[in-house]
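> how would this look folded up:
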Amino acid sequence: MPTLPPGRYTRQRIRDLALNRAGNRALDAEAKDWLAQHLFELYTLADWPFLYVSAGVTISGPTFALPDDFVTPQDDHALEIVSVDGAATGGNFVAEVSPEHLTALGQGGGQGTPPYAWSVSRSDRMGHVFPDPVGHVVVGTLRYRRLPPDPLPADEPTDVPVFPFHNYLVQAVYVFALEHERDARATAAAAVRDNLMQMIRRGTAPLHSQRGDIPLDPQVFGTPFRGD
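Residues are numbered from 1 along each chain as shown. Alright, predicted model coming up:
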């Protein structure tokens, strides 16, 4: 899908525009913490297309390291095997299953390539595959939803948030400042903020842009009976 262009404002510029409008520059430190938390909530509480990325992974055993910013796979077939020992194997997708299902598959052991099932272990941030491709080098592509990392304190003022709708962020910080001061303008400003979010949600996920059906898990469901 096309990538949305990045926003134009740094974090400091977002706070400057909002606090100057609210008339209280003394809230910059509080607004800094609030903006960081609000961005975290935006990234994690909604499904944004611009947070979906892909990364290469190398599998040479029963586990492989997930990307540092990994949150969740994009779909049930987010892991694609690209090559085994240097030989291309395009279009070979690995089905994601529950950790319990993967454990059951591995009860009797099993080694070979390519893997056909995998699961996410969130305790150690690793991916687990079956069968174990020990002795081989399997290269894959993982499509996943990421969580943008927080900038270092020294880089925070000049950091440009990954969330591309920066006028919304300005309005959100503005509402924070008004509510902090119990300003009478807060209610109307909050309504503007909420309307902006509704427009953003419609723009990033327009009607009928997603599939109307839900694919069944091929590991569970077989071909349906369609006649005598």
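
> looking at this, residue 123 is in a strand?
No - counting by DSSP: H, G, I helix; E, B strand; the rest coil, residue 123 is not found in a strand; it is coil.

> ok, it to residue 99 distance?
10 Å (CB to CB, to the nearest Å). Any C-beta I mention is one placed from the backbone N, CA and C, and that applies to glycine too.

> what's the helix or strand bottoming out on mean pLDDT in the chain in contact with?
In the chain, the helix or strand scored least confidently by mean pLDDT, DSSP states H and E is strand 87-96, which has a mean of 87. Strand 87-96 has contacts (CB atoms under 8 Å, 6 or more residues apart in numbering) with 73, 76-83, 114-120, 129, 140, 217-219.

> buried ones among those residues?
Buried residues within the contacts of strand 87-96, counting neighbours by 16 or more other CB atoms under 10 Å: 73, 76, 78-82, 114-120, 129, 140.

> which of the residues you listed fall in strands?
Judged by DSSP state E, the subset of the buried ones among the contacts of strand 87-96 located in strands is 73, 79-82, 117-120, 129, 140.

> JSON lines for these, including pLDDT?
JSON lines is the format used below for these (pLDDT from 0 to 100):
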{"residue": "73", "pLDDT": "93"}
{"residue": "79", "pLDDT": "95"}
{"residue": "80", "pLDDT": "95"}
{"residue": "81", "pLDDT": "95"}
{"residue": "82", "pLDDT": "94"}
{"residue": "117", "pLDDT": "94"}
{"residue": "118", "pLDDT": "94"}
{"residue": "119", "pLDDT": "94"}
{"residue": "120", "pLDDT": "93"}
{"residue": "129", "pLDDT": "94"}
{"residue": "140", "pLDDT": "95"}
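
> for residue 52, state which of these is nearest.
residue 73 (10.0 Å; CB to CB).

> list the contacts of the closest one.
Residue 73 neighbours (CB under 8 Å, 6+ apart): 79, 96, 120, 142-145.

> now, of those residues, which are buried?
Taking 16+ other CB under 10 Å as the criterion, what is buried in these is 79, 96, 120, 142, 144-145.

> gap between the residue nearest the centre of the chain and residue 132?
By CA atoms, centre = their mean, the chain has its centre lying nearest to residue 145, at 2.4 Å. Separation of residue 145 from residue 132 (CB to CB): 27 Å.

> which strand residues bridge residue 73?
Counting by DSSP bridges, residue 73 is bridged to residue 144.

> thinking again about what came up before, in JSON lines, list the buried ones among the contacts of residue 73 along with distance to residue 187.
Shown next, in JSON lines, are those (distance: CB to CB, whole Å):
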{"residue": "79", "distance to residue 187": "47"}
{"residue": "96", "distance to residue 187": "45"}
{"residue": "120", "distance to residue 187": "43"}
{"residue": "142", "distance to residue 187": "45"}
{"residue": "144", "distance to residue 187": "39"}
{"residue": "145", "distance to residue 187": "34"}
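
> show me where the protein dips below the pLDDT cut-off.
Across the chain, the ranges flagged by pLDDT under 70 are 1-5, 204-228.

> just the helices in it please.
Using DSSP state H, the helices of the chain run over residues 11-22, 28-45, 99-105, 166-180, 186-204.

> comparing these, which comes out most buried?
Of the helices of the chain, the one with the most neighbours on average (mean count of other CB atoms under 10 Å) is helix 166-180, at a mean of 22.
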